[in-house]
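> Quick one, structure for this:
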Amino acid sequence: MNLSKKSLEYFLTHKVYGILIFLFLMWLMFFCTFNLGKYPKQGIEYLIKMFSHYVGTSVSHPVWSEFLSHGIIDGVGSVLSFLPNIFIMFFFIALYEMTGYSQRSALLMDKLMHGIGLHGVSFIPLLMGFGCNVPAILATKTVKRRSDRLVTMLMIPFMSCSARLPAYILLIGTFFPNNPLSMLMILYISGIIIAIITGFVINKLIFRPKPDFSEVYFCELRKPAFKSVFKFMWDASAEYIKKIGTVVLLAVIVVWLLDYFPREKEDIRVENSVSNQLVLEKDTLIHLSYLSQVGHFISPVMKPLGFDWKMSVSLLAGLPAKEFIVGTMSVVYNTRHDSENNDIQARLKNETYEDGTVVFNKAVALSFLFFTLLYMPCIGTLISIWKEGNGLWALFTFIYTTSLAWVAAFVVYRTALLFFAL
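Take a look at the predicted model:
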């Protein structure tokens, strides 16, 4: 290893400089993901808005027009528009992995992991969790001890995967536009802290292992092969696009149908209403939909967190995959009589209860963000925990993460009410 590599190695693994470099690199990833990604994102949103308007005005049948424009195009498009942000995040994850920096961060965190009762090797699957929790769970096979492997798997769901990123960017960009990076960092760091606390408590209460002081091995630092980096980035993004074109599309169709039907009472009201009353009748009609019935059923549990039934349904839709959260919000917060307004951020800001009170404010947005951060991971992650651990640990993950999400969101909401002028 030449002198320059030795110097770089020294700084990257230094107990002070190394931590500062790690925090800077994480900040750089979030900065580029949010700030650079917003420009192509806005371009995609504009194209989707134009296409939705074109289809909505070109299709004469009102149901098909509504289904294609507000259902398919707006619903799927709201998720597709975050592709540039996902693309950039995977670029940094690939870059850190292929230069060997991920292994240095594992060495850097070795002492911290020993404090939890784990080995530094466990940090690599945790870092992979920022991309996707499922391969991160599978990567725990590199951890030797079964107890360490199980604890690492239970920590991974708190590492914010890329599927949560669209919800983060939507809510942060809408309600915290002046300090988006700080808010994004708070969410990611909060997830890391909660993961550390979870690992520490489980190890102390259940496994109580002796610390593993074996050395962390890693390859030499190397220049990134950008062809490989872009291939990794493209493959990961292609999976995101594939999910949008399959399961997200299917979910949006199901959500739209449940939100749109039954419609029998609308025809009666249209025939017996004057135009200035029709808007109110259409808005109240949505409360008769199947989706609304589900939302109102679970709403009492979520109301203490500041959520209306639409937020509750959006989070429920996010159980199979977190990408569904934004797609569902795009459908349920769609004002049918205002077909010109396709901006989901404007719709969230303008949403009101029947008494005219705004639904969303900063306290509600924070509560929603923390619930999204912490509640049950996707079905794929639970299945992976089941396969790599067992069914009881998967059930524990479901109950523990969702309960913790409710408590954390409640505390955040009540605390935020004291600080934000609503």
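> low-scoring stretches of the chain, by residue?
Scanning the chain for pLDDT under 70 picks out the ranges 1-3, 209-219, 263-288, 335-342, 421-422.
> Tell me which other helices or strands the helix ranked longest in it touches.
Counting residues, the longest helix found in the chain (DSSP state H) is helix 391-419. The contact analysis (3 or more Cβ pairs under 8 Å, 6 or more residues apart in numbering; DSSP states H and E) places helix 391-419 against helix 146-155, helix 180-202, helix 362-374, helix 379-388. The way it works is simple: take the backbone N, C-alpha and C, and place the C-beta from them, glycine included.
> Give me the buried stretch members for the last one, please.
Along helix 379-388, these residues count as buried under the neighbour rule (16 or more other Cβ atoms under 10 Å): 380, 381, 382, 384, 385, 386, 388.
> I'd like these as CSV, with distance to residue 191 appended.
Listed next are the buried residues of helix 379-388 as CSV, based on distance: Cβ to Cβ, whole Å:
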residue, distance to residue 191
380, 18
381, 14
382, 17
384, 18
385, 17
386, 22
388, 21
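> what's the closest of the residues you listed to residue 19?
Proximity of the buried residues of helix 379-388 to residue 19 was ranked by Cβ to Cβ; the top entry is residue 381 with 28.5 Å.
> what's the spacing between the residue lying closest to the closest one once chain neighbours are set aside and residue 81?
In this structure, residue 381 finds its nearest non-sequential neighbour in residue 133, 4.3 Å apart by Cβ to Cβ, 6 or more residues apart in numbering. Distance, residue 133 to residue 81, by Cβ to Cβ, to the nearest Å: 23 Å.
> residues making contact with the helix or strand where residue 253 lies?
Under DSSP states H and E, the secondary-structure element containing residue 253 is helix 249-260. Here helix 249-260 makes contact (Cβ atoms under 8 Å, 6 or more residues apart in numbering) with 63, 66-67, 70-72, 75-76, 286, 289-292, 294, 313, 317, 320-321, 324, 327-328, 331-332.
> Kindly report the same for stretch 64-76.
48, 51-53, 55-57, 59, 244, 248-249, 252-253, 255-256, 260, 327-328, 330-331, 334, 336, 339, 342, 344.
> tell me how far stretch 58-68 is from the chain's mean position?
Distance of stretch 58-68 from the chain centroid (Cα atoms, centre = their mean, to the nearest Å) equals 31 Å.
> Please give me every residue in contact with residue 360.
With Cβ under 8 Å, 6+ apart, residue 360 has these contacts: 174, 175, 348, 349, 351.
> switch the cut-off to 7 Å
175, 348, 349, 351 (Cβ atoms under 7 Å, 6 or more residues apart in numbering).
> For the stretch 51-200 of the chain, which segments count as helices?
62-66, 74-80, 83-98, 101-108, 110-116, 123-128, 133-138, 146-155, 165-175, 180-202 (DSSP state H, counting those that start in this stretch).
> Which among those helices is found nearest to residue 307?
helix 165-175 (12.4 Å).
> can you pull the buried residues of that closest one?
Neighbour-count burial for helix 165-175 [16+ other Cβ under 10 Å]: 165, 166, 167, 168, 169, 170, 171, 172, 174, 175.
> Give me the nearest residue to the last one, chain neighbours excluded.
Among residues not flanking residue 175 along the chain, residue 365 sits closest, at 4.1 Å (Cβ to Cβ, 6+ apart).
> Kindly report the same for residue 112.
Nearest to residue 112 is residue 196, by Cβ to Cβ, 6+ apart, at 7.7 Å.
> Would you mind confirming that that neighbour is in contact with residue 117?
No - with contact defined as Cβ atoms under 7 Å, residue 196 does not count as touching residue 117 (10.9 Å).
> hang on, the earlier thing: distance from the chain centre to the helix holding residue 253, please.
20 Å.
> same deal with stretch 321-339?
For stretch 321-339, the distance to the chain centre is 16 Å (Cα atoms, centre = their mean).
> contact partners of it?
56, 66, 70-71, 74-76, 78-79, 163-164, 166-167, 170, 243, 247-248, 251-252, 255-256, 259, 279, 282, 291, 310, 313-315, 317-318, 341, 344, 347-348, 351, 372, 378.
> distance of the closest residue to residue 92 other than its chain neighbours from residue 37?
Leaving aside its chain neighbours, residue 92 sits nearest to residue 29 (4.1 Å; criterion: Cβ to Cβ, 6+ apart). As judged by Cβ to Cβ, residue 29 and residue 37 stand 11 Å apart.
> hang on, the earlier thing: which one of the buried residues of helix 379-388 sits closest to residue 24?
Looking across the buried residues of helix 379-388 and measuring by Cβ to Cβ, the closest to residue 24 is residue 381, at 29.2 Å.
> Surely the closest one is in contact with residue 137?
Yes - under the criterion of Cβ under 7 Å, residue 381 makes contact with residue 137 at 6.3 Å.
> So for residue 133 and residue 81, which sits in the more crowded spot?
Neighbour totals were compared for residue 133 and residue 81, and residue 133 leads with 29 against 26 (other Cβ atoms under 10 Å).
> Surely the more buried one touches residue 158?
No - if you go by Cβ under 7 Å, residue 133 and residue 158 don't touch, sitting 9.4 Å apart.
> what residues are up against the most centrally placed residue in the chain?
When Cα atoms, centre = their mean is applied to the chain, the residue found nearest the centroid is residue 164 (0.8 Å). Residue 164 makes contact with 322, 372, 373, according to Cβ under 7 Å, 6+ apart.
> Count the residues that sit near the last one.
As a burial measure, the neighbour count of residue 373 was computed by other Cβ under 10 Å and equals 24.
> May I ask which helix or strand encompasses residue 345?
helix 344-350.
> quick one, helices of the stretch 201-350 of the chain?
Under DSSP H, counting those that start in this stretch, the stretch 201-350 of the chain gives helices at 226-243, 249-260, 264-271, 275-285, 290-302, 309-317, 324-332, 344-350.
> Quick check: the gap between residue 350 and residue 334.
12 Å.
> neighbour count winner among these two?
residue 334 (23 against 15).
> Please verify my assumption that residue 166 contacts residue 83.
No - when contacts are counted by Cβ under 7 Å, residue 166 is not listed as touching residue 83 (9.4 Å).
> What sits closest to residue 105 if chain neighbours are left out?
Using Cβ to Cβ, 6+ apart, the nearest residue to residue 105 is residue 22, at 5.8 Å.
> As a markdown table, the contacts of residue 360 with distance to residue 113 would be great.
Formatted as a markdown table, the contacts of residue 360 follow (distance: Cβ to Cβ, whole Å):
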| residue | distance to residue 113 |
| --- | --- |
| 175 | 35 |
| 348 | 39 |
| 349 | 43 |
| 351 | 44 |
